[in-house]
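# with the sequence up front, the predicted model follows.
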Amino acid sequence: MFKKILVANRGEIAVRILRACRELGVESVAVFSEADRQSLHVRYADEAYLLGPAPARDSYLRIDRLIDIARACGADAIHPGYGFLAEREDFAQACEEANITFIGPRPSAIAAMGDKAVARATVTKAGVPIVPGTEGEGSLTDDELLALAPKIGFPLLIKATAGGGGKGMRLVTSLEEMPALLQAARREAEAAFGDGNVYLEKLIEGARHIEFQILADQYGNVIHLGERECSLQRRHQKLVEESPSPIVDDDLRRRMGDVAVKAAQAVKYVNAGTIEFLLDKDRNFYFLEMNTRLQVEHPITEMVTGIDIVMEQIRIARGRQLTYTQDDIRFNGAAIECRINAEDPYNDFIPSTGKIVHITTPTGPGVRIDTGVYPGFEVTPYYDPLIAKLIVWGETRGQAILRMRRALEEFRIIGVRTNIPFHQTLMDSHRFMGGQYDTRFVEERFSMQNAENDKAFRPEIAALIATLITHRQIERAAQIVQRNERDTSNWKWVGRWERMHR
Amino acid sequence: MFKKILVANRGEIAVRILRACRELGVESVAVFSEADRQSLHVRYADEAYLLGPAPARDSYLRIDRLIDIARACGADAIHPGYGFLAEREDFAQACEEANITFIGPRPSAIAAMGDKAVARATVTKAGVPIVPGTEGEGSLTDDELLALAPKIGFPLLIKATAGGGGKGMRLVTSLEEMPALLQAARREAEAAFGDGNVYLEKLIEGARHIEFQILADQYGNVIHLGERECSLQRRHQKLVEESPSPIVDDDLRRRMGDVAVKAAQAVKYVNAGTIEFLLDKDRNFYFLEMNTRLQVEHPITEMVTGIDIVMEQIRIARGRQLTYTQDDIRFNGAAIECRINAEDPYNDFIPSTGKIVHITTPTGPGVRIDTGVYPGFEVTPYYDPLIAKLIVWGETRGQAILRMRRALEEFRIIGVRTNIPFHQTLMDSHRFMGGQYDTRFVEERFSMQNAENDKAFRPEIAALIATLITHRQIERAAQIVQRNERDTSNWKWVGRWERMHR
Amino acid sequence: MIKYIATVAEKEYEIEIVDEHHVIIGNRLYEIDLASVSEQAVYSLLVDNQSYEIYTYPGDSENLQVFVLGRMYDVRVEDERERRLRAQAGSTVAAGGEYHLKAPMPGLVVNIPVQEGQMVEKGQVLLILESMKMQNELKSPRAGKVSRIRVKPGESVEQRTTLLSVI
Amino acid sequence: MIKYIATVAEKEYEIEIVDEHHVIIGNRLYEIDLASVSEQAVYSLLVDNQSYEIYTYPGDSENLQVFVLGRMYDVRVEDERERRLRAQAGSTVAAGGEYHLKAPMPGLVVNIPVQEGQMVEKGQVLLILESMKMQNELKSPRAGKVSRIRVKPGESVEQRTTLLSVI
């Protein structure tokens, strides 16, 4: 086993990895920015080193500092977590050159999956289906696009090559209307990005985001740990994940799992990774991308399989063979994760900073929390707003939902706003309960205000408590005034002295 | 399902049961003493009723008040938890008469298992082995005892019928020495209790306390959920439990489980219950007693079987058939529970009361906490010192131990003393790691002081932190003095006035 | 006996405090028991033995934001005297005056898609502030004219800095 | 530069505070960083980048109880001046004087198995106090004579009530 592992990350995922180190009996090293001196990951590690100022580019993204610290403290491996440097080929390369094991895939696999066009080409060669389209095929003329369109099928999207944010995007439902829409899209893209190039992509209607967890060792053994349903997103940020997906059955799981394994093998993948798919209404699935790292939502897979993914990552990196074969993997019950973010769901999900003054943590059967915060912790504006992951397990999906509801009810975080009310409203929605949602559900068909006629709507209780609090404050203020009146003895003497000398 | 369940208990177990109610969609009612107004169980229930003053006899033991409240609020079932009224036949009877379902066995089963002599006789008839001895056979003469002794076998114990606390107890290793020891025991018992009666009991050397969890429905279906090893005790209080037991193999589990089921069937048992056995060095086992209620340590069984025992209790009480057959029960991995008590392990385990000012809760993979306390909670002297149960699960016993160690390291409860350091020392002991312990291990062969030469012994760090704290306090005191020197303007005036009038 | 008027979502509740354990809401008497949990903004309230756990945040201006059973309520509480004064002053107070857009958190001004003097709609994006790796659109709470812009794109701002005003 | 002597388990450590981030223990210089976590008696201490989480309780008399890595240490800290004074006064201070047995928690006096004037050994049970459903044996910290018993069996006592004294 490794002697000492450096965790090149912060927050809940650093704590998660440190726990795995501890449970494996490996010494652990934390790194921290000036804003994170009091963070849990610093407190839980065996050693801790300051990286630099709060902004990530001056601290958690400093490859040179990280390698220097790892060398100085004698760490023989680095775990990158997710985000920051986790999918940076140059970081994996720098570790390799410093003779420190990077707990993740080889630099070549990161590179192959990091470029979307290369990734599409690679997995297509391995027989993996991709979203039909012309992305990565260079600049095509209108005539070329019009010729390709019927092969992709309608409806389809025209998208700007340079773009994003919907600029230069057009929905096309037939070949007839396409020439005019192509012109409009190119004009808009030219105006917005100075680049009129566009490409075509099949519109996946009612798409669901389904991803498969992969484990692969250095000896060519690759298995999958089933799927995670991640369609509940807002601005491309996942908010809730569940495993298994409510719409994936055994047959589809087997087929998608086989394809996921094939995609990983196509880049000779090693360690833990995730293959993301889009699944359409007709249960066709398309490769979207591969995340060559540990995923935020890995705990739901741990809950249903009983496998500790982080420990497996470390064992694989050490050169061990996989502990499990595909046949060993059993899926037991259902797990859901809610990402608790410091943001205000009643105010456009604006991030919230400040000091956490009180936490009541839901506990009890089937509840797991991964977090890096505690009462007294200061949520700063420097890093992402994820402050906790609330994960529940139930014998069935129904039990898991009921358990998540009661866990959310128990969860109190005072001092910053959180999106807990969003999750509560979501868990109560009939569409979620029925498993009927797609990637556009949260943004297009969900509202925090739609639940006003159920039994949880109790404005009179809100009115009462606000009145009682106001009343108490008024009474307390009155007492202070009275106390001050009594507590003036010194001033009486002073007043007397002044009167005498007037 | 029930419409409304009243939970006739407090603390962590009341919270545990309320959670099950919530997850089943059943309304819940808490009851509380004057000392418990701010307790979690009051905060988590849908309704809450004051029982009376803090002492249990004026509140949690008031059968009349509980029945009145249940009637008034329309509860159709009562869950007694453990302790208090959980094993009181008259309470189960009172519920029955008030037409409220008692979530537990029938009064007759409580009665049959509540009297030790009756219980021994009942299970013996069903073919269940008991610890050989003469208890429950009335007053026997010396001659009768001397005649019975060889049948029981040596070594054996002479025990006082009236007694306890070791008074009147003698260890006998041969028939020759027995007459004199009988005299001595009778004299001591007479002096201590005014009753010279004694009985004989076979000495189980190196005994381990192993118990089996039973589930039984109203239709005669009885299954067991495997064993719990509860040998780690102090003053007959369990401190640590694990499942499975490190020394029970599949064959022994099957045999003991069969006997446990038989014992439950002997009293037509319904609902959840526990059969306690002593297991000797030669793997012979003897029925000790049956606990006709939910057990403190039930969560470890939930962790290894995936079954929610409290939900099963409620379903059974509602008249449902068992959801599982014996063949459905799979044992997965290993679970350990540490009972976190408010007591000082460095000072003879004396209970500690006070306000909890800070808690850092261990979380993450495989960790469950059942508790009724939170920061700001006041631990009072009225009830038992159990403030939290820390439960971990691991794929193997080894992993569970390592996980428990890291969870104990993370656990901070500030404001009252806790026995967390005891658990840490225990988890580090080679005997525990090897599974080599019996019911006398903690009291006779365990010490908080025996771990002074390992790498966790860092007196220089203790010296350093104490010095730094002292230094800071001195500096702060100096600042206050300086501030006071500046802040004396009023007094100057007064002093001036006084000088002028001297 | 003190009488308050609490307003939630434009509905008014008349609440009289009888004593520490009794209130009258509308015409009904309720038995209550209020406990403050761990000296924070968390309360346990029993109303005729129904148990509610509540936490609060200060809301805009004089309002209190109350969270109960997973829902947020914006509550304004007035006593009778305040209420009379406000009635006499007319009800247009809230809508008028200059609106100052303040930074809800520390962050970096990324973009200001409006100009001084420009008319804006309710809900229109006034400024984009980057914080916690997210770009946050700050919107106008009402229609009006942008009267003064006090920051520039690229500027770092502290929490509660006034960014611009709408008149 | 201030020099302290910290005593743990009868071993002495000479500790000099150089500045906020440096100390000398014995002859070695250490880089340190002390942070107080959430304003409680919980500290995070880095010593040459080794991370320790520590919490403390006030101990008997002047001592501090320190918990680090799952172990408890009873530490006495003195500065050089205090140390000299104590050396001059002789080392018998701690052993002498009357010992007052105080209730470590509220409870009910169940039994007092000693009498006034009786000689007791170190570790001998002086009083049994019931609390939290447990009978707790309170023992003598040293040998001596029971000088005065201030409570009776059956009496309820508050925390820190003096129960009896040993001289």
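Looks like it came in fine.
# which strands and helices lie in contact with the helix or strand hosting C:Asn136?
Per DSSP states H and E: C:Asn136 is located in strand C:134-139. Where contact means 3 or more C-beta pairs under 8 Å, 6 or more residues apart in numbering or on different chains; DSSP states H and E, strand C:134-139 is packed against strand A:350-351, strand C:125-131. Yep, even glycine has a C-beta here, placed from its N, CA and C like the rest.
# what's the closest of the ones you listed to B:Pro381?
strand A:350-351 (45.5 Å; C-beta to C-beta).
# and the helix or strand hosting C:His100, which strands flank it?
Secondary structure from DSSP H and E places C:His100 in strand C:99-102. Paired strands of strand C:99-102, with direction, are strand C:162-166 (antiparallel) (DSSP bridges).
# chain D contacts on chain A?
A:30, A:37-38, A:42-49, A:73, A:374-377 (C-beta under 8 Å from any C-beta of the partner chain).
# hmm, back to that, mind listing what's buried in the helix or strand that the strand holding C:His100 is followed by?
Using DSSP H and E, the helix or strand that follows strand C:99-102 in sequence is strand C:107-111. Neighbour counts over strand C:107-111 (16 or more other C-beta atoms under 10 Å in any protein chain shown) mark C:Gly107, C:Val109, C:Val110 as buried.
# for stretch A:73-84, same thing?
A:Cys73, A:Ala75, A:Asp76, A:Ala77, A:Ile78, A:His79, A:Pro80, A:Gly81, A:Gly83, A:Phe84.
# can I get that stretch in PDB, CA atoms only?
Extracted in PDB, the C-alpha atoms of stretch A:73-84 (Å, rounded to 0.1, in the frame of the first residue of the first chain):
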ATOM      1  CA  CYS A  73       6.700  15.500   2.600                       C
ATOM      2  CA  GLY A  74       7.500  12.200   1.000                       C
ATOM      3  CA  ALA A  75       4.000  11.500  -0.400                       C
ATOM      4  CA  ASP A  76       4.100   8.700  -2.900                       C
ATOM      5  CA  ALA A  77       0.700   9.300  -4.400                       C
ATOM      6  CA  ILE A  78      -1.700  12.200  -5.100                       C
ATOM      7  CA  HIS A  79      -5.500  12.000  -5.200                       C
ATOM      8  CA  PRO A  80      -7.000  14.900  -7.200                       C
ATOM      9  CA  GLY A  81     -10.600  14.600  -6.200                       C
ATOM     10  CA  TYR A  82     -12.900  16.200  -8.700                       C
ATOM     11  CA  GLY A  83     -12.800  19.700 -10.200                       C
ATOM     12  CA  PHE A  84      -9.500  21.700 -10.000                       C
END
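# is it in proximity to chain B?
No. If you take C-beta under 8 Å from any C-beta as the test, stretch A:73-84 misses chain B, and the best it gets is 14.3 Å.
# for the record, mean pLDDT for that stretch?
What stretch A:73-84 shows for mean pLDDT is 97.
# which outside residues touch it?
Contact with stretch A:73-84 is made by A:2-9, A:13-14, A:17, A:29, A:47, A:49, A:56, A:60-61, A:66, A:69-70, A:86, A:91, A:95, A:100-104, A:293-296, A:310, A:313-314, A:317-318, A:384, D:49, as judged by C-beta atoms under 8 Å, 6 or more residues apart in numbering or on different chains.
# what's around whichever residue of the stretch 151-300 of chain A sits closest to chain D, how many residues?
Residue nearest to chain D within the stretch 151-300 of chain A: A:Leu294 (22.9 Å; C-beta to the nearest C-beta). A:Leu294 sits with 26 neighbouring residues when counted by other C-beta atoms under 10 Å in any protein chain shown.
# what residues are up against it?
Going by C-beta under 8 Å, 6+ apart, A:Leu294 touches A:Ile13, A:Gly81, A:Tyr82, A:Ala86, A:Ala272, A:Ile309, A:Val310, A:Gln313.
# can you flag which of those residues belong to strands?
Per DSSP state E, strands hold the following members of the contacts of A:Leu294: A:Ala272.
# farthest-apart pair in the contacts of A:Leu294, please.
A:Ala86 and A:Ile309 (14.2 Å).
# could I have the helix or strand where A:Ile5 lies exported to PDB, CA atoms only?
Using DSSP H and E, A:Ile5 maps to strand A:4-7. Written as PDB, here are the backbone C-alpha positions of strand A:4-7 (Å, rounded to 0.1, in the frame of the first residue of the first chain):
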ATOM      1  CA  LYS A   4       1.500   8.700   2.200                       C
ATOM      2  CA  ILE A   5      -1.200  10.200   0.000                       C
ATOM      3  CA  LEU A   6      -1.500  13.900  -0.700                       C
ATOM      4  CA  VAL A   7      -5.100  15.000  -1.400                       C
END
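# isn't C:Tyr30 right up against C:Asp19?
No. Assessed by C-beta atoms under 8 Å, C:Tyr30 is found out of contact with C:Asp19, at 11.9 Å.
# how many other residues sit next to A:Arg330?
Neighbours around A:Arg330, by other C-beta under 10 Å: 13.
# give the contact list for it.
Contacts for A:Arg330 (C-beta under 8 Å, 6+ apart) come out as A:Thr305, A:Gly306.
# ok, the helix or strand of chain C with the lowest mean pLDDT near chain A or not?
Sorting the helices and strands of chain C by mean pLDDT, DSSP states H and E puts helix C:80-89 at the bottom, at a mean of 74. No. Using C-beta under 8 Å from any C-beta, helix C:80-89 never reaches chain A; the gap is at least 10.6 Å.
# give me the helices and strands touching that helix, please.
In this structure, helix C:80-89 packs against strand C:2-8, with contacts taken as 3+ C-beta pairs under 8 Å, 6+ apart.
# domain-wise, how is chain A divided?
According to automatic domain parsing, chain A comprises the domains A:4-103, A:132-202, A:334-453.
# and these, which one is worst for confidence?
domain A:132-202 (a mean of 87).
# does any bit of it sit next to chain C?
No. Contact of domain A:132-202 with chain C (C-beta under 8 Å from any C-beta) is absent, the minimum separation being 10.3 Å.
# distance across that domain, terminal residue to terminal residue?
Terminal residues of domain A:132-202 are spaced 6 Å apart (C-alpha to C-alpha, to the nearest Å).
# distance from the chain centre to it, please.
Relative to the mean C-alpha coordinate of its chain, domain A:132-202 is positioned 30 Å out (C-alpha atoms, centre = their mean, to the nearest Å).
# same thing with stretch A:270-286?
17 Å.
# rewinding a little: buried ones in the least confident helix or strand of chain C?
Applying 16+ other C-beta under 10 Å to helix C:80-89 flags no residue as buried.
# who's in contact with that helix?
Counting by C-beta under 8 Å, 6+ apart, C:Lys3, C:Tyr4, C:Ile5, C:Glu78, C:Val93 sit against helix C:80-89.
# residues touching A:Val118, list them.
Taking C-beta under 8 Å, 6+ apart as the criterion, A:Val118 is in contact with A:Ala111, A:Ala112, A:Gly136.
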